[in-house]
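**Student:** Return a 3D structure for these sequence lines:
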Amino acid sequence: MKDSYTLPAAADFHVHLRDGAMAEAVTPTIRQGGVDVVYVMPNLVPPVTTVAAALAYKERLQKIDSSITYMMTLYLHESITPDVVREAKKAGIAGIKSYPAGVTTNSSSGVISYEPFFPVFKAMEEEGLVLNLHGEVPSDRKDITVMNAEASFLPTLQDLHRRFPKLRIVLEHCTTADAVKAVRSCGDTVVGTITAHHLSLLVDDWAGNAFCFCKPVAKTPADRRGLLEAAVNSNGRFFLGTDSAPHDVAAKKNGKAAAGVFTQPYAVQYVMNALEDAVERGDIKDEQVTEEFLTGFLGEWGRKFYGIEQSSKKIVVKKGDEVITSSIKGAGVEVVPFRSGEATWSVEWQ
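**Tutor:** Predicted coordinates for the structure are as follows:
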């Protein structure tokens, strides 16, 4: 890998910015990570289930940092109808996010069965809205744990694609080699996002470390290799969605740790660290980390899939001695970034 890369500004197609004081603390860190477009998740409390709520949320985020393009989503809920889909399209809403009930943070209002939503999916197919899938089966089912929850969901992904072949679907935050195979088994309307931390972590890293714990959880060395190989051989089928998920430090340390890894301030930098480590391990080859690949994975492929313009802004990513901050603080909140205190790459805007 080179010591420096000049790239278009990155786009992050899966972020959690929360609301209120937490949003005030983390939204200003987006540009620090080399990103100028974010795809915003709707799992607030209460969830964002109406067009009016999504637009109001967007306005709140723009007041914090107007230099960022916020792509807004709705939360798949029983109140979502084909008419809501059509209204969302007219209002510029980009997609609808599906959470299986209870699998992760703020997912208690999520999906139990997909069949009631078939008319909604048909309308989304017609209108061009994207279906974003949190691809896990709830762990309250027999023989399901966090380790096989994603693999157990993959037949549902394939079934939805068969039923709605023109519906654009994103399998979010892929964590397994099986998920990579499932995406590739579908037509080109199905893609996957990969997080920076899943390119880096294994199950041993989060077991006992709350700041590396997220859902879906990181898994085996073979799965990590599968994700790395999927990224560098993507041809546009896999691109960055960090799933950056801030939680106050108390929610990580007290009792049952909240699921989420906070990566927003170093989105591009963490990817560079993960690729550097992967080359050293022999999981990928040095010559695979090209500017063409980085341009695609960090933004171009996702922008193309979502039908948005490529960025005219440039960032310079340099290998150096920048150190990840110990925490991000706001009014009554404190968030610890992934791998705080460790060295990382730097990002400069041109």
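
**Student:** hey, let's count contacts and neighbours off CA atoms from now on
**Tutor:** Will do.

**Student:** what's the model's confidence in stretch 259-269, averaged?
**Tutor:** On average, the pLDDT along stretch 259-269 is 98.

**Student:** Between the two ends of it, what distance do you get?
**Tutor:** By CA to CA, to the nearest Å, the extent of stretch 259-269 from end to end equals 22 Å.

**Student:** Pull the residues that contact that stretch.
**Tutor:** 10, 12, 15, 26, 29-35, 104-105, 196-197, 211-215, 242-247, 270, 298, 317, 324, 335-338, 344-347 (CA atoms under 8 Å, 6 or more residues apart in numbering).

**Student:** so of these, which ones are in helices?
**Tutor:** In this view, the contacts of stretch 259-269 that belong to helices under DSSP state H are Val26, Tyr270.

**Student:** Quick check: closest non-adjacent residue to Lys215.
**Tutor:** Sequence neighbours aside, Ala259 is the residue nearest to Lys215 in space, at 5.8 Å (criterion: CA to CA, 6 or more residues apart in numbering).

**Student:** Look up phi and psi at that neighbour.
**Tutor:** Backbone dihedrals for Ala259, given as degrees, to the nearest 10, come out at phi -80, psi 120.

**Student:** Could you check how far it is from Ser139?
**Tutor:** For Ala259, the distance to Ser139 equals 14 Å [CA to CA].

**Student:** before we move on, what about His247?
**Tutor:** Distance from His247 to Ser139, by CA to CA: 22 Å.

**Student:** ok, Ala259 and Ser139, which is more surrounded?
**Tutor:** Set Ala259 next to Ser139 and count neighbours by other CA atoms under 10 Å: Ala259 wins out with 21 against 15.

**Student:** name the helices or strands packed onto whichever strand or helix holds Leu228?
**Tutor:** Assigned by DSSP states H and E, Leu228 belongs to helix 221-232. Using 3 or more CA pairs under 8 Å, 6 or more residues apart in numbering; DSSP states H and E, the elements in contact with helix 221-232 are helix 177-185, strand 238-240.

**Student:** what is the mean pLDDT for the shortest one?
**Tutor:** Just to be clear, that refers to strand 238-240. Across strand 238-240, pLDDT averages out at 98.

**Student:** Only C-alpha atoms, please: export the next helix or strand after that strand in PDB.
**Tutor:** Sequence-wise, the next helix or strand downstream of strand 238-240 (DSSP H and E) is helix 249-253. Coordinates of each C-alpha in helix 249-253 appear next as PDB, following Å, rounded to 0.1, in the frame of the first residue of the first chain:
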ATOM      1  CA  VAL A 249     -20.200   5.300  27.600                       C
ATOM      2  CA  ALA A 250     -22.600   4.400  30.500                       C
ATOM      3  CA  ALA A 251     -24.700   2.200  28.100                       C
ATOM      4  CA  LYS A 252     -21.500   0.300  27.200                       C
ATOM      5  CA  LYS A 253     -20.100  -0.200  30.700                       C
END
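
**Student:** now helix 249-253, how far from the chain's geometric center?
**Tutor:** Relative to the chain's own centre, helix 249-253 is displaced by 21 Å; criterion: CA atoms, centre = their mean, to the nearest Å.

**Student:** Need the residues that contact that helix.
**Tutor:** Helix 249-253 has contacts (CA under 8 Å, 6+ apart) with Ala210, Phe211, Ala257, Ala258, Val333, Glu334, Val335, Val336.

**Student:** Tell me how many other residues crowd the second one.
**Tutor:** A count of neighbours around Phe211, defined by other CA under 10 Å, yields 24.

**Student:** try the first one
**Tutor:** Neighbour count for Ala210, taken as other CA under 10 Å: 20.

**Student:** pretty sure it contacts Ala257?
**Tutor:** Yes - between Ala210 and Ala257 there is a contact under CA atoms under 8 Å: 5.9 Å.

**Student:** one step back: sort out for me which of the contacts of stretch 259-269 are in strands.
**Tutor:** Judged by DSSP state E, strands contain the following of these: Ala10, Asp12, Val15, Val35, Val317, Val335, Thr344, Trp345, Ser346, Val347.

**Student:** Tabulate those residues (JSON lines), appending distance to Ala94 and neighbour count.
**Tutor:** Below are the ones in strands among the contacts of stretch 259-269 laid out as JSON lines (distance: CA to CA, whole Å; neighbours: other CA atoms under 10 Å):
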{"residue": "Ala10", "distance to Ala94": "18", "neighbour count": "30"}
{"residue": "Asp12", "distance to Ala94": "14", "neighbour count": "30"}
{"residue": "Val15", "distance to Ala94": "14", "neighbour count": "21"}
{"residue": "Val35", "distance to Ala94": "18", "neighbour count": "27"}
{"residue": "Val317", "distance to Ala94": "29", "neighbour count": "21"}
{"residue": "Val335", "distance to Ala94": "28", "neighbour count": "24"}
{"residue": "Thr344", "distance to Ala94": "32", "neighbour count": "21"}
{"residue": "Trp345", "distance to Ala94": "31", "neighbour count": "21"}
{"residue": "Ser346", "distance to Ala94": "31", "neighbour count": "24"}
{"residue": "Val347", "distance to Ala94": "28", "neighbour count": "25"}
